[in-house]
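Novice: Fold the following, please.
(chains A, B, C and D)
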Number of protein chains: 4
Amino acid sequence: MNVTDFQWTKGITVKDLVKSYGNIGYQSVELQKASEVIVKMKKNSAKIYLTFTSNMVTSGLRGFFAQLIKLKMADVIVTTVGGIEEDIMKSTGEKFSLGTFSADDVELHEKGINRVGNILIKNESYMNFEDWVRPVLDKLYQKQKRWAVSELLREIGLLLDDENSILYQAAKNNVPIFCPAITDGAFGFHLYLFQQTHSDFIIDVVKDFGNILFTTSQDEKKGVIALGGSISKHHAILCTLLNGGANYAVYITTAHKTSGSMSGATTEEAKSWGKVKDESDVATVIGDVTVMFPLAMIGALEELNENGLI
Amino acid sequence: MNVTDFQWTKGITVKDLVKSYGNIGYQSVELQKASEVIVKMKKNSAKIYLTFTSNMVTSGLRGFFAQLIKLKMADVIVTTVGGIEEDIMKSTGEKFSLGTFSADDVELHEKGINRVGNILIKNESYMNFEDWVRPVLDKLYQKQKRWAVSELLREIGLLLDDENSILYQAAKNNVPIFCPAITDGAFGFHLYLFQQTHSDFIIDVVKDFGNILFTTSQDEKKGVIALGGSISKHHAILCTLLNGGANYAVYITTAHKTSGSMSGATTEEAKSWGKVKDESDVATVIGDVTVMFPLAMIGALEELNENGLI
Amino acid sequence: MNVTDFQWTKGITVKDLVKSYGNIGYQSVELQKASEVIVKMKKNSAKIYLTFTSNMVTSGLRGFFAQLIKLKMADVIVTTVGGIEEDIMKSTGEKFSLGTFSADDVELHEKGINRVGNILIKNESYMNFEDWVRPVLDKLYQKQKRWAVSELLREIGLLLDDENSILYQAAKNNVPIFCPAITDGAFGFHLYLFQQTHSDFIIDVVKDFGNILFTTSQDEKKGVIALGGSISKHHAILCTLLNGGANYAVYITTAHKTSGSMSGATTEEAKSWGKVKDESDVATVIGDVTVMFPLAMIGALEELNENGLI
Amino acid sequence: MNVTDFQWTKGITVKDLVKSYGNIGYQSVELQKASEVIVKMKKNSAKIYLTFTSNMVTSGLRGFFAQLIKLKMADVIVTTVGGIEEDIMKSTGEKFSLGTFSADDVELHEKGINRVGNILIKNESYMNFEDWVRPVLDKLYQKQKRWAVSELLREIGLLLDDENSILYQAAKNNVPIFCPAITDGAFGFHLYLFQQTHSDFIIDVVKDFGNILFTTSQDEKKGVIALGGSISKHHAILCTLLNGGANYAVYITTAHKTSGSMSGATTEEAKSWGKVKDESDVATVIGDVTVMFPLAMIGALEELNENGLI
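Specialist: Prediction:
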């Protein structure tokens, strides 16, 4: 395939831009390929594992993730606990605002504001979350004493009434959310405080590992869309590996493979799983997820929509 | 400004996506801001310095750069010599093809193929370039013996007849192209061979520094759009600095500021030039130019077009 | 302080090189500062939280971490479960070998070899780990049914007899190891299988969150040394924050702050915790931990040793 | 080769640390390999091309580069013009100081201070450079009217009397310095002003391309040590390629190959030149040059010294 001169045409759609990317070069080519691999996943009825880190839920991608669940573009979600907390905060009315990467952190601290990159969260939002979560834990405890994480998150999702909520859409569409480090956040602290007065309250992470293993099987086709790195990415890869390996994989990350980290691991390795048949089934895109993912996914959604698949 | 949940709508345009980016977070916010700063440059009649490195001309961005010159979106171009060579090659019919980042380089070498990231160039293209450039140097030498680089590139541009050519559009639209290291490529080698038999043939780089200085003045508003790093970025900054500093600056790069390199230098420093009035006049976007630049620029083109400015 | 010309002297020690770094510029300056901040932590009797990701235990840093625990340079360890598994594998005789980043992964797969960057692990090592861990779980279950993760890891450490083992040294020196996502690895799979036949076997992650909270207090001085990103970094920051914030922080990472990820979060934010008094108490070093951390830590160890503090 | 547990021993030398790096993993392994490739270059009497960008001369590496030239560790230097200017400034007594990456640039501007990463340069230093360079140009013009860049830099080097100066050591040891974009800096501005009143003063960059081509031959063994990217790296690769390709190559850079830039190009491509015999002759190290290069080079210097080769 040849490199082709790109030209702007007035009113160009995202779909056409993504198509053009396929002939520009470097990461634009990888991005267009990512779009095609996502289409393949869906066309071949693969079970799709979508993973993202909490900073993406802090961002406006949160509503997009919810929409994707609604559109049946994700069968299993894996994320970190910050993402759970912030999805709830947003569902209960908290607003996050935009700042700058080079903000004066001492000044922000005095104002009771926390910074995640160029996004700002008020201390107040954490306090409101606390007020919200306590009675919920009481209610869940009434129901049962021992909870697998994904089952607990499903219950919480059912309590939210927000079309843009990841937990709500997941619960409504029977998409399980796994969060292998549920205590690593404010939510963990509230679980701890609750357990202090309810010692038979148990979060059963071991059972939940069984739950994620049983989301698929050796026979089923599987695809992984991993946004960012961390344990959310690793957990989805591990689960599909234990079920014979994924058939399709799309990784979007800012990390590079040169430090041997999971965040920077590429889809090259996916070939070693034995199931990926060729280069056209995997794509690694280097870049910020907030820009790259909407492009790759919209490219896929438009094509799937034309084919009546969503 | 608040973070807003992003949602796909069928047939979404690039313009609308870029607008949405402004409320997502992280680099998407910077990208949307870059788009706005470009609009400002044009609305305020700033002289626009567009710089890019040769690997971008290797890619399909080449045709986009040519289109931008035609649309009067660049008043001065600064690039490296590889970009000059490859623009000529493409104008004379050479095709570059797409490969992979993890190609077998020994095998490619045996086939006479050169690799730039995931783009492949045949040795043959370099040989055809050689055949083309020799008689051109003869012709130029007939005209005069001592050439400033930008004047020589203008003459070459007039010889090309390709709407997608950067040199052609620049010559036709009186946009000078500066290339401060003209010998750092195959073209340099041909200049050297020519000088061997024409010792009074001189490339006058010092005169050309005067030429770039006189492309603008202290009084004029100035904007820099620097894609990638290297001397092309530095040269535009230097020229505008010697003329009192740029009023607007957009940098798109994969490099980070942490190693003190020019490639990674951010627009924060632009504030130290004294002319930039506030944050809203500069933007630094971290990411691959082949994806990021079309987005930021199309966002600007659509708005300028609606306002009758292009 | 001025930039100083660096010069090699024959037989130069690491200590002297690190000192020289303080006057070279860019990341070398940050690295030397990291060394000084570590010295400060120890001199001021701060409780030191050392965090690292599993790929670092895959590497030869594993023995260094064990040595640091022995030298009382870490009071609390936070890591990911891969690091636990591989520390045990190495203690039970498994050897990891060095490969290349650009290995043929399909070929490796056929040979039963797994790749982590340029380090290779045989499938056999995982199978031997399985054989080792099963009877251990039986033994632990005999002792009690409900385990906090750090308590379980302590028991395992006591079973190992390897001076170079992190778990062994930690157990011997009463340094707790926290692992907030204990199921995210082969170990998780074995826990799951065990629970299938012992349904009252419980891993209590909520209790362990209490355990890490009680490793320190508001009154105590606290320092965080975070190597790489992921939940290990986040967990230590969260724990110290809930105890009033760390007084000292050293982050070494290849990630950048521009994507808003935890891996790329800098020590600038530490200033917003309110306890860090000034710039001289924090350092962020951008670079590969396998090179950067030994330098920064050896610089500190040599100085502490001279002062009789280790 | 196996991964080996690293352990600190009191008073450890840089030589021993670099040796240990060879068994740790990830970039530490690449760094130790870089050290070995440098030893090979020297042992096999390869002509060594050392390239660096101007920000490294801004840093304290400047004195190290001068020392390496004195020790016959570099036969040809390629750099950018900022490095030339700052080497002269330092030779004539200017001091650069250390700041922070997050300095207030507006405040610095008001104080007449320029920032390069975390290094600060006073405007005064540029003015003093101006005062120094003007009479020098007069003197050179008296001698001849047409100068190849490397010949002009040699003359300037002879005027300096500073053991730590790159230009001085290069001139004294007959090591040519190439600078393919000599006008891209303050020096270019002074050349331009001089030419305004001396129109027959010519900087002949074309002749200098011949000069670099004749620094070696097809038959000679060649090695490239490229620090950072930009045209300095490209120029050395181009020159050795036109002479049949380098036999050895060490690249140290913070850039990655994923954007197709020269800065991020790896030594993998060197294999495609046909001369590199195997993996053991090339090394690419990802990381900040100020930390990585002293380590790799000191490792080599110590070994060469023991073998009586320096």
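Novice: any idea how far chain B is from residue A:159?
Specialist: For residue A:159, the distance to chain B equals 19 Å [Cβ to the nearest Cβ, to the nearest Å]. In short, each C-beta sits where N, CA and C put it, glycine included.
Novice: Quick check: the gap between the closest residue to that residue other than its chain neighbours and residue A:191.
Specialist: Of all residues not flanking residue A:159 in the chain, residue A:136 sits nearest, at 6.5 Å (Cβ to Cβ, 6 or more residues apart in numbering or on different chains). Going from residue A:136 to residue A:191 by Cβ to Cβ, to the nearest Å gives 11 Å.
Novice: Repeat that for residue A:127.
Specialist: Taken as Cβ to Cβ, the span from residue A:127 to residue A:191 is 17 Å.
Novice: go on, residue A:261?
Specialist: According to Cβ to Cβ, residue A:261 stands 28 Å off from residue A:191.
Novice: And the average pLDDT for the one helix or strand residue A:29 maps to is what?
Specialist: In this assignment (DSSP states H and E), residue A:29 forms part of helix A:27-43. In this model, helix A:27-43 carries a mean pLDDT of 97.
Novice: between whatever helix or strand comes next after it and helix A:27-43, what angle do the directions make?
Specialist: Sequence order places strand A:47-51 as the next helix or strand after helix A:27-43, per DSSP H and E. Relative orientation of strand A:47-51 with respect to helix A:27-43: 140 degrees, computed using axes from the mean of the first three to the mean of the last three Cα atoms, to 10 degrees.
Novice: as a whole number, average confidence for strand A:47-51?
Specialist: Average pLDDT, strand A:47-51: 98.
Novice: Next secondary structure after that strand?
Specialist: Sequence-wise, the next helix or strand downstream of strand A:47-51 (DSSP H and E) is helix A:54-58.
Novice: Just say helix, strand or coil for the residue nearest to residue A:159.
Specialist: Under DSSP: H, G, I helix; E, B strand; the rest coil, the three-state class of residue A:136 is helix.
Novice: Equivalent analysis for residue A:285, please.
Specialist: Of the three states, residue A:285 takes strand under three-state DSSP.
Novice: what sits against it?
Specialist: Contact analysis of residue A:285 by Cβ atoms under 8 Å, 6 or more residues apart in numbering or on different chains lists A:27, A:30-31, A:34, A:250-253, A:292, A:296.
Novice: Which residue ranges of the stretch 51-200 of chain A form helices?
Specialist: A:54-58, A:61-70, A:81-91, A:105-110, A:123-143, A:149-159, A:166-172, A:186-197 (DSSP state H, counting those that start in this stretch).
Novice: and the ones you listed as a markdown table, adding distance to residue C:172 and mean pLDDT?
Specialist: Below are the helices of the stretch 51-200 of chain A laid out as a markdown table (distance: least, Cβ to Cβ, whole Å; pLDDT from 0 to 100):
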| stretch | distance to residue C:172 | mean pLDDT |
| --- | --- | --- |
| helix A:54-58 | 36 | 95 |
| helix A:61-70 | 45 | 98 |
| helix A:81-91 | 32 | 97 |
| helix A:105-110 | 39 | 84 |
| helix A:123-143 | 38 | 96 |
| helix A:149-159 | 33 | 98 |
| helix A:166-172 | 43 | 98 |
| helix A:186-197 | 28 | 97 |
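Novice: Among these, show me which one is buried the most.
Specialist: helix A:54-58 (a mean of 27; mean count of other Cβ atoms under 10 Å in any protein chain shown).
Novice: my guess is residue A:73 meets residue A:50, correct?
Specialist: Yes: the pair residue A:73 / residue A:50 is scored as a contact, 7.5 Å apart, by Cβ atoms under 8 Å.
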